[in-house]
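J.: need a 3D model of the following:
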Amino acid sequence: MSMWLKLTKIEPALLMAVQEGSELSAFRTGADSYGCDHRILSTIAEGRAEAEEGTADWTKAYPWLARSTGHGCAAVEEKEYESGYGPAFVLTPDEVRQVAEGLVAEGWATTGTTAADWTGESEDHGLEDLGPFFAAAAVEGKTVIGGVG
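T.: Numbering: from 1, shown residues only. Below is the predicted model of the structure:
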């Protein structure tokens, strides 16, 4: 059974339109989307948390990584946003910027990670692509919708 973290960056106005009743397929593929195996991400984060922080609870050890995967985020309640393992989550442009900076501070993205480092040509990304995805979304002033499905 697969558990994929799916993220899509969209214009903030588009989210507002959807919340007012317009339909949108939230998890689009292409340059505006990021996808990775959530189980692999969790395993890597847990191992690093045990080695560096002495705890297996990576969501507490790395709050910005946790936030990038939906922990502590607002849920999108519209039915069309069901992502498979619960409702989708949303990060505002300001939260996206904070996550991008936080991923660098926690060591999940290198200092100087920029939007130019993001290449969204693949549907299957690695953990190393998460920082550039958020950096690109932050520079573009985008909202991020995500979910695990």
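J.: please report phi then psi for the residue nearest the centre of the chain.
T.: Against the mean C-alpha coordinate of the chain, by CA atoms, centre = their mean, the closest residue is Ser68 at 4.0 Å. With angles defined as degrees, to the nearest 10, Ser68 sits at phi -70, psi -20.
J.: pretty sure it is touching Phe134, no?
T.: Yes: using CB atoms under 8 Å, Ser68 makes contact with Phe134 at a distance of 6.4 Å. Every residue, glycine included, has its C-beta placed from N, CA and C.
J.: for whichever strand or helix holds Ala137, packing partners?
T.: Using DSSP states H and E, Ala137 sits within helix 130-140. For helix 130-140, the helices and strands in contact under the criterion 3 or more CB pairs under 8 Å, 6 or more residues apart in numbering; DSSP states H and E are strand 4-10, strand 33-37, helix 63-68, helix 93-105.
J.: now do the shortest one: which elements does it pack against?
T.: Right, strand 33-37. On a contact count with 3+ CB pairs under 8 Å, 6+ apart, strand 33-37 meets strand 4-10, helix 130-140.
J.: so who does the residue of the chain most remote from its centre touch?
T.: Distance from the centre of the chain peaks at Gly54, with 25.0 Å (CA atoms, centre = their mean). Listed by CB atoms under 8 Å, 6 or more residues apart in numbering, Gly54 has no contact partners.
J.: and for Gly126?
T.: Shown in contact with Gly126 (CB under 8 Å, 6+ apart): Cys36.
J.: gap between it and Pro63?
T.: 21 Å (CB to CB, to the nearest Å).
J.: Glu106 too?
T.: 8 Å.
J.: okay, those two: which has more neighbours?
T.: Neighbour tally, Glu106 and Pro63, criterion other CB atoms under 10 Å: the higher count belongs to Glu106, 19 against 15.
J.: surely that one meets Trp64?
T.: Yes: between Glu106 and Trp64 there is a contact at 5.3 Å, judged by CB under 8 Å.
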